[in-house]
Structures are given as structure tokens and as C-alpha cells.
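Student: Below is the structure, and that's it, no one-letter string:
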């Protein structure tokens, strides 16, 4: 259990590189209605799905939420937010009723017991748990992370899920609905265009994890609002090419931005963050444009999903409003 939770915490901190890439997803046009095979090409080899999957296992909140957005309840699931916080995310609520929560300690056996016809795994699994990944590949067709980025864009997951379920119209509807809500918020805050943001997670007494890549999957929401990564973080990314990296607590001024989205690994660390030298001098803090998030919330931003984004827009709106003035 410790190794699995450590892996999931690493994903939250954003320091785990995802290495799988889907280079093609191609259902033959003549077979789409009849459930012909779909081939998904990944860095670990091609994966063929025959027919429309009925028994899906999801490993990780992004795939889990994506399935739920289609009205599909996984037969079994691994919820990294629940493993981290002890509770399911607030945007999931009771949507998993009837599904089996997988035990990380007995993962392969429990997946086999669920008798899936498709397994959707997070992109970290082939590198962080290669033995388990190899074993679950033998149980059913297994698709891991799809873009090779540290976080997959949620709309790419929705598009692929629509292909796998032979329901492209539903995928378009889901994507359009979420994008519509983002566009509505942007229209209500014309001053948000061009504003900068910093996202920070204080996970130890002296380390703060930050997002710096403007093309990361977690940056999509902010990009749609016309916002930009904090200048000092962006400069560091351009120099090092590290999309996410830790900064020491003495480098709090690197978080200078119009909006600050923060969380910490404990209430004590959150209080410590607010007392760090330079914190009170940040523009976002002076203007009250700080979004104080829970671990579940920050995970939803860090690994966005079509269920998480609408919920988080309401949580982020007050800080956006202060910055947009």
C-alpha cells in the first residue's frame, strides 16, 4: 500500500513523467456501428479492442471521471483522490454506487476478479509498477496515459472514450458542455484576459511544487480563460524544460502572479506557507486573489476531468473575480 500511495502522491506533486503516447486511434469506418475492432497504438505496443466494452476497470481519477461523464459506471476502480484524502471527490458523490473499489495491495487479483473487457490505466503505471502493468495487460486490453505529457488533457480522454464506446456524439456533447461553462465564466470576467496565475502545492516543510508548462493538461482551463503562467515560473520552465518542479520556500517570490491557487499537505503546512517571507508581498495575496484549495480540489485542477472542472470553476471564481477587477 505504501508504494502505491507514494506513487499517487508523486502524481499529485507533479514530478512523475508519463511516457506513453497514443499515436493513433482508428476505428474502421465501415465497422464503427457493428462494433468492429479499434486499434490504439501506444509506446508499449498496439492495443486492440473488439466490440464495445461493457465491463471497464478504471485506474485513476481521470479515467474514472471520464467514464462517469458518459454515464458508464466502472465495474471496478482505483480512485487516487480517495486514497490520498480518505474520501471520494465532491464531484463524484454517489456516482460509483455498485462499483468495486480496488485494493492497491491486491490490485491484479481484484482486477482479474472484476472480469473486465477493457482496463484504462494512468500513464505512470508502466514505469512505476511495471510488473503489475504487465500482469493486467494479460487480463484484458489495457490503455494507459495517451499523450506523453505529465497530465493528459481531459478533452483527449473524452474523445478517446467516445471512440471506444462508439459514441462520438456523446463525447462532443460532454466537451461542448464543459467548454461552454468555461466560456460563460470568461464572458462574465472580461478583465481576466491576460492575467497571470501560479499553482502551488506545499508538500513538505521546505518544498513547494509548482506548475510551469503552459501546455500541460492542467493548464488547459487557464489557457481557455486567456490567462498566463506566472512569469518567473514560465522562465524557469523555458530554461530547464521541466513542466513541474519543486522550489524551496525561500523562493516564494517566484509565485508572483495575479492569481494564486494553493494547497498544502496538512493544515499546519498551509499555515506555514502563509507565513513564509515574501508571501504577503505577492500581488495575489494583497488583492485577495488567492484560491485556497483542498487536496481533492488541487488534484482536480492538476488532473482535470469533465466532472471536476464545472465544480472547480465555482471554487476558483472568487479569486478570478478579484484578479479581473
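Tutor: Received, thanks. These numbers come from a predicted model, not from an experiment.
Student: Give the rounded mean pLDDT of the top helix by length along the chain.
Tutor: Using DSSP state H to define each element, the chain has its longest helix at helix 168-188. Over the span of helix 168-188, the pLDDT mean works out to 97.
Student: So which residues make contact with the longest strand anywhere in the chain?
Tutor: When the chain is parsed with DSSP state E, its longest strand is strand 196-204. With contact meaning Cβ atoms under 8 Å, 6 or more residues apart in numbering, strand 196-204 is reached by 9, 12-14, 208-211, 218, 222, 227-231, 233, 249, 254-265, 269-270, 272-273, 284, 298, 301-302. Every residue, glycine included, has its C-beta placed from N, CA and C.
Student: repeat for stretch 165-183
Tutor: By Cβ under 8 Å, 6+ apart, stretch 165-183 touches 27, 32-33, 35, 52-53, 69-70, 72, 154-155, 158-159, 161-163, 221, 224-225, 306, 309-310, 313.
Student: Pull out the buried members of the contacts of strand 196-204.
Tutor: Neighbour-count burial (16 or more other Cβ atoms under 10 Å) is assigned, among those, to 9, 12-14, 208-211, 218, 222, 227-230, 233, 249, 254-265, 269, 272-273, 284, 298, 301-302.
Student: among those, which are in strands?
Tutor: Short answer: those in strands (DSSP E) are 208-211, 228-229, 259-264.
Student: And the furthest pair within the residues you listed?
Tutor: 228 and 264 (24.4 Å; Cβ to Cβ).
Student: For residue 301, give its distance to residue 261.
Tutor: As judged by Cβ to Cβ, to the nearest Å, residue 301 and residue 261 stand 7 Å apart.
Student: oh, I was asking about residue 56
Tutor: Relative to residue 261, and taking Cβ to Cβ, residue 56 is found at 31 Å.
Student: and what of residue 36?
Tutor: Distance from residue 36 to residue 261, by Cβ to Cβ: 44 Å.
Student: go on, residue 322?
Tutor: Residue 322 is 13 Å from residue 261, by Cβ to Cβ.
Student: any idea whether residue 140 is helix, strand or coil?
Tutor: coil (DSSP: H, G, I helix; E, B strand; the rest coil).
Student: What is the burial count for it?
Tutor: Number of residues near residue 140 (other Cβ atoms under 10 Å) recorded here: 20.
Student: Run through the helices of the stretch 201-325 of the chain in chain order.
Tutor: 220-224, 231-240, 267-274, 283-286, 295-302, 308-324 (DSSP state H, counting those that start in this stretch).
Student: actually the stretch 51-200 of the chain, sorry about that
Tutor: With DSSP H, counting those that start in this stretch as the criterion, the stretch 51-200 of the chain has helices spanning 61-69, 80-85, 107-114, 125-128, 130-137, 154-164, 168-188.
Student: okay, now the domains of the chain?
Tutor: 2-167, 189-324 (automatic domain parsing).
Student: returning to what we had before: filter the contacts of stretch 165-183 down to the buried ones, PyMOL style.
Tutor: Remark: buried members of the contacts of stretch 165-183, expressed as a PyMOL selection using 16+ other Cβ under 10 Å:
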select buried, resi 27+53+69+70+72+154+155+158+159+161+162+163+221+225+306+309+310+313
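Student: Please report how far residue 288 lies from residue 230.
Tutor: 17 Å.
Student: In a markdown table: the helices of the stretch 51-200 of the chain, plus distance to residue 94.
Tutor: Formatted as a markdown table, the helices of the stretch 51-200 of the chain follow (distance: least, Cβ to Cβ, whole Å):
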| stretch | distance to residue 94 |
| --- | --- |
| helix 61-69 | 11 |
| helix 80-85 | 13 |
| helix 107-114 | 20 |
| helix 125-128 | 27 |
| helix 130-137 | 27 |
| helix 154-164 | 21 |
| helix 168-188 | 20 |
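Student: Burial-wise, tell me which of these comes out on top.
Tutor: Of all those, helix 61-69 has the most neighbours on average by mean count of other Cβ atoms under 10 Å, namely a mean of 28.
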